[in-house]
Each structure stands twice: as C-alpha cells, then as structure tokens.
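**Q** sequence and predicted structure are below.
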Amino acid sequence: MKYQIQPAEKSTVKVTMNFDGDEWKAANDKAYIQNRHKYSVNGFRKGKAPKHILELYYGKGLFYEDALNLLLEEHYEKILEDEKEKIEAVGRASFELGEGIDLEAGNVVLVATVPVKPDVAIERYTGIKIPKVEYTVTDADVEKEIESVRERIAESVEVTDRPAALKDVVNIDFEGKLNGAAFEGGTAQGYDLTLGSGQFIPGFEEQVVGMQIGETKDLNVTFPEDYQAEELKGKDVVFTVKLNKITGKALPAFDEAFAKKMGSDSTEAYTAKVRERLEKNAETRSRNETENNILAEISKFATAEIPEAMVEQEEEASMQRLEYNLMYQGIRIDDYLAYLNTTREEYKKNFAEDAKKAVLNQLIIEKLIKELKIEAGAEEIAQKIAEQAASVGKDAAAYEQGMDPRQRAYIENDIKVTKLFDYLTANNEMTAEANV
C-alpha cells in the first residue's frame, strides 16, 4: 500500500491510499472468511459454500464493501500513527472511493478526508496592555467567613421570646385572595418558610419579618408580570398569614472550644487558618482571571481555521459539565431540556461562541509553548508529584508508582502552562485593576 497526504480546505487533509491487486485479493478473501456464515446456497451447508460460488449466486461484488472496510481498519490508524508528527486528527474522517478506482480489476484507491488540528497564526503576544486582576482579603472578609462557618454548624432552636427575623424558619398558615376570592394554590396550613430565601413572591417574606407567634396579619403583595399562572400575572393580592412557630439558629460562641472543634488550638490560630485559605483562593481567582484576560487580548492578534469537529467536541464537553452540575442538584438533563422545550442538539448551540473561544485559546497556548520551547524539567515534575503525594498523606515514591500515565502528563502540561503565563505576565504591560 502506498499513500499520499495533501492539505485540503477548512483545516483538513486528504489521505489517498493506493492498494495493489494482491492486497485487494487478500482483503476480499478475509472478508469472505469473516462473512460467509451469513449466506446460504442450495447444495451447501450455510457458511460452507466456496467464495466463487457465493459470488456467482449473489454477485461479484458481494464482499467488496467488507473488504474495503478491512483495508481501512488495517491501514488508516497506522498511517495516522506514522504521521503523528505532521498531522493530528481531531475528529472522525470521511471516506470515499478515489479517482481511477476499478475494484474488479484490482485497482483500489481510498481517500480519507481528515479534520486536523490547525496551526494558529499569532501576530503579537508581547508588549500588549492587559488588565491584571487582583483580589485582596480584608479583616471583614475573614470575619464574614468565620460567621458563615458558625451559621453552618449552628443548632436549630425554637424561639419564643422575640418576633420573626431574617434567616428564621417560620411555620405559617396562609390564604391568598384576589379581589376577595381565594385562588388555587394560594392556601396552606403548617407551611415551613425560611425568611430571606426568596421562595415566595417579592414582598411576602419581608412582611412576615417582625411578626409575633400567634399573630395574624394581612400581607399586600403583587405577583410578577412573568408569573407562570396567567390569571395572577401582575395582580395585587392579599395573603392572610398566621405565624405558628419560629425556629432560629443558636450560633456557637467564637471561643477556644469552637476553634478546637475546627482543628485549631486557639481562636487566633483558627483566624489565621481562615485568612490563609481565603488568600489562597483569592490568589487562584486573581491568577485565573488574569490569565483569561491575557488570552482574550492575545486572541485579538491570532487567527486559525478551526475545524467544526473541534468546536463540536468543546460544545459536548460543556454539555457534559452542565449535565453533571444538574445531577448534583438531583435534576436529570432530559427533564431539564423538556422543561425548556428543547433538544440536546439545540441546547448545545448556546455554547457555540464560548466553544470557539476555548478552542482558539487552547491552540494559542499550545503554539506558544512550542514556539518558546517551554519544557517541564524532571525535578519540577518530581516536586509536583511530591506535593500531590503530601496532600493525600502518601510517600512520594509510592504515589508516583501508582500514578496513571495521564496524570503524569497532566502534571507536566500544567508546569508548562504555568511557565507560559509567567512569561506572558512578565513580557506584557499588566495594568492593575481596582482591588475587589
């Protein structure tokens, strides 16, 4: 078999494969052996008729399609592997018969049109004015985080000595009336409502705040213009509400006992621990958003003919991320799409623009790493592996031995990408945005 690779339009290449008569005969014989059990001929047990008898009975080209597929299976992937330094397939190829083909004469030409990773032309990637995002952590941020933790582990307690307040869970009876008449779905007994959750229409929860246990009160509210029930859209209604019970939260005192419960020796140590975590998060957020700004600016000077296959793959990846997020919320993707009255393929179009940007950004990263000859040294990789091992309490050598090759490749690529953005940050005009 001989083959030739030629560039084609829209980031594709054409791989033309020429097979001689002996290769074609061998493929036909193999196709016969693999498929003869499918055919019956009078005078022969099923699957036992000779090849020339089957061809006389069913036609000369009986096994041609299977033979062509066998040639592709045997040679196409091997060609891609042999030529991987020149081309990188990024999607499924389409196949067709080539010019001058004559299957009966044994002249076989197959042509694969392969979408390949395109080159990206980058006109400029240094000396650009780029916004640098910087998030800082204040004492108020630390206090807010500690307060949030206290609220998360607070115990629920029944409240009897004060009126209802935001964040309380109140048990209420209510009846809604439109023009003096009760409406469907507007009445309930013993309903638990968290004040400030936004579960009810605007104005309802705010008016429950301040009510005393046993108190009955009329609440005047207006349904939103986009409310799902047509008869209630934009309508003024009155809810008669009786407050039965208030459940609040008893926050633990911020003392040494609390600190020890959270794994620190003192309140000072716990506060320092919280600050360190928030600062790491702020640093990560600052870096990620700054890197996004760098790519956004460089992409203005970059062009690439991106094959649709790469965009479709990124769209599908975005769709899968949505599916996982919904799953964690207990929602099936099919139910979500049905609610929106759309299909998976239609919804994926929402990701099209972001998918194109993501593909271009990845091409820019790969091109610059190659152009700048950025490498990940053995010591750097070993250090990263040791850090990961320490984070899970394992010996570095044992951890490395059990690593998946893809995990090691990810570490190596992460080092390269980090070095690239360090270079781009140092070689562009980074303008600090206002601290957030």
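**A** On my side now, so go ahead.
**Q** so where do the strands sit in the stretch 251-400 of the chain?
**A** For the stretch 251-400 of the chain, the strands defined by DSSP state E, counting those that start in this stretch occupy 302-303.
**Q** show me where it has helices.
**A** Using DSSP state H, counting those that start in this stretch, the helices of the stretch 251-400 of the chain run over 256-261, 267-298, 308-328, 333-339, 344-348, 352-371, 378-391, 396-401.
**Q** out of the ones you listed, nearest to residue 118?
**A** Ranking the helices of the stretch 251-400 of the chain by their distance to residue 118 (criterion: Cβ to Cβ) puts helix 352-371 first, at 7.0 Å. The C-beta positions use only the backbone N, C-alpha and C, and glycine is treated the same way.
**Q** now that closest one, how far from the centre of its chain.
**A** 16 Å (Cα atoms, centre = their mean, to the nearest Å).
**Q** helices or strands up against that helix?
**A** Under the contact criterion of 3 or more Cβ pairs under 8 Å, 6 or more residues apart in numbering; DSSP states H and E, helix 352-371 touches strand 121-122, helix 267-298, strand 302-303, helix 308-328, helix 405-426.
**Q** make CSV out of the ones you listed and add mean neighbour count.
**A** Converted to CSV, the helices and strands packed on helix 352-371 look like this (neighbours: other Cβ atoms under 10 Å):
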stretch, mean neighbour count
strand 121-122, 14
helix 267-298, 16
strand 302-303, 16
helix 308-328, 15
helix 405-426, 15
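**Q** angles on the backbone of residue 158, please.
**A** phi -80, psi 130 (degrees, to the nearest 10).
**Q** quick check: it vs residue 213, distance?
**A** 10 Å (Cβ to Cβ, to the nearest Å).
**Q** these two: who's more crowded?
**A** A direct count of neighbours by other Cβ atoms under 10 Å for residue 158 and residue 213 places residue 213 higher, at 18 against 9.
**Q** show me the contacts for residue 274.
**A** Counting by Cβ atoms under 8 Å, 6 or more residues apart in numbering, residue 274 touches 142, 145-146, 149.
**Q** from those, which is closest to residue 281?
**A** residue 145 (9.9 Å).
**Q** including distance to residue 233, could the helices and strands packed on helix 352-371 go into a markdown table?
**A** Listed next are the helices and strands packed on helix 352-371 as a markdown table, based on distance: least, Cβ to Cβ, whole Å:
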| stretch | distance to residue 233 |
| --- | --- |
| strand 121-122 | 53 |
| helix 267-298 | 40 |
| strand 302-303 | 48 |
| helix 308-328 | 28 |
| helix 405-426 | 50 |
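**Q** quick one: closest of those to residue 23.
**A** Of all the helices and strands packed on helix 352-371, it is helix 308-328 that lies closest to residue 23, at 29.6 Å by Cβ to Cβ.
**Q** dead centre of this structure: give me the residue that sits there.
**A** residue 321 (3.4 Å; Cα atoms, centre = their mean).
**Q** rewinding a little: what do residue 158 and residue 213 both touch?
**A** The contact sets of residue 158 and residue 213 overlap at 245-246 (Cβ under 8 Å, 6+ apart).
**Q** what's in contact with the helix or strand where residue 187 lies?
**A** According to DSSP states H and E, residue 187 maps onto strand 181-194. Strand 181-194 is contacted from outside by 167-178, 199-200, 205, 208, 229, 231-232, 237, 239, 244, using Cβ under 8 Å, 6+ apart.
**Q** which ones among those are found in helices?
**A** Per DSSP state H, helices hold the following members of the contacts of strand 181-194: 205, 208.
**Q** from the contacts of strand 181-194, which would you call buried?
**A** 168-172, 174, 176, 200, 205, 208, 232, 237, 239 (16 or more other Cβ atoms under 10 Å).
**Q** what sits against residue 384?
**A** Taking Cβ under 8 Å, 6+ apart, we find residue 384 in contact with 411, 414-415.
**Q** in a markdown table: those, plus pLDDT and distance to residue 330.
**A** Listed next are the contacts of residue 384 as a markdown table, based on pLDDT from 0 to 100; distance: Cβ to Cβ, whole Å:
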| residue | pLDDT | distance to residue 330 |
| --- | --- | --- |
| 411 | 95 | 34 |
| 414 | 95 | 33 |
| 415 | 97 | 38 |
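**Q** still on that earlier bit, can you list the buried ones among the contacts of strand 181-194 in TSV and add pLDDT and distance to residue 218?
**A** Formatted as TSV, the buried ones among the contacts of strand 181-194 follow (pLDDT from 0 to 100; distance: Cβ to Cβ, whole Å):
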residue	pLDDT	distance to residue 218
168	93	20
169	95	22
170	96	16
171	97	19
172	97	13
174	96	10
176	95	11
200	92	15
205	95	15
208	96	12
232	91	18
237	95	10
239	96	7
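**Q** where's stretch 104-123 relative to the chain centroid, distance-wise?
**A** 30 Å.
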